[in-house]
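S.K.: here are the coordinates; sequence isn't available:
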């Protein structure tokens, strides 16, 4: 069986959610969005490419920070509308400097705990936002 990136099921705005997970530990690193071209670039280069909804442009994960994601496997779900991208993460996945974007733990009382320590200072990498 063969499937082309354009044969996946994309939303009305042409995007598909991509859950990015550490291939070894299975820790969820981030959720981003891809269009068919980003899927094709990811498959062709072996590194993750996404579509930035806020900036309306492609971005290669790690282009600014150097924290690239080497793709080990790309899976899609039975509905063909969500991707699971297993990667080898270099450095941090999160633009806030943490290994995973999911570093805020929410307790039933609303208390928030930050998990882990930042691996880099975002202001030094990206400048002031």
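M.R.: Received, thanks. In this text, all values refer to a predicted model and were calculated from it rather than measured experimentally.
S.K.: what comes up buried for the biggest helix by length in the chain?
M.R.: For the chain, the helix with the greatest residue count under DSSP state H is helix 36-45. Buried residues in helix 36-45, defined by neighbour count with 16 or more other C-beta atoms under 10 Å: 36, 38, 39, 41, 42. (C-beta placed from N, C-alpha, C; glycine too.)
S.K.: could you redo those as TSV and give each row distance to residue 93 and pLDDT?
M.R.: Output for those, formatted as TSV (distance: C-beta to C-beta, whole Å; pLDDT from 0 to 100):
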residue	distance to residue 93	pLDDT
36	23	96
38	16	97
39	19	97
41	18	97
42	15	98
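S.K.: wait, which of those is closest to residue 60?
M.R.: Proximity of those to residue 60 (C-beta to C-beta) peaks at residue 41, which lies at 7.9 Å.
S.K.: what's next to the one helix or strand in the chain whose mean pLDDT sits lowest, contact-wise?
M.R.: When the helices and strands of the chain are compared on mean pLDDT, DSSP states H and E, helix 122-126 comes out lowest with a mean of 88. The contact list for helix 122-126 (C-beta atoms under 8 Å, 6 or more residues apart in numbering) reads 64, 65, 95, 96, 97.
S.K.: Can you report how many residues lie near residue 17?
M.R.: Here the neighbour count serves as a burial measure; for residue 17 (other C-beta atoms under 10 Å) it reads 15.
S.K.: Quick check: phi and psi on the nearest residue to it once chain neighbours are set aside?
M.R.: In space, not counting the residues next to it along the chain, residue 17 is nearest to residue 82; the distance is 5.2 Å by C-beta to C-beta, 6 or more residues apart in numbering. For residue 82, the backbone dihedrals (degrees, to the nearest 10) come out as phi -150, psi 140.
S.K.: Am I right that residue 8 is in contact with residue 80?
M.R.: Yes - taking contact to mean C-beta atoms under 8 Å, the distance of 5.1 Å between residue 8 and residue 80 places them in contact.
S.K.: Please identify the residue most distant from the middle of the protein.
M.R.: In the chain, the greatest distance from the average C-alpha position (C-alpha atoms, centre = their mean) is reached by residue 109, at 29.3 Å.
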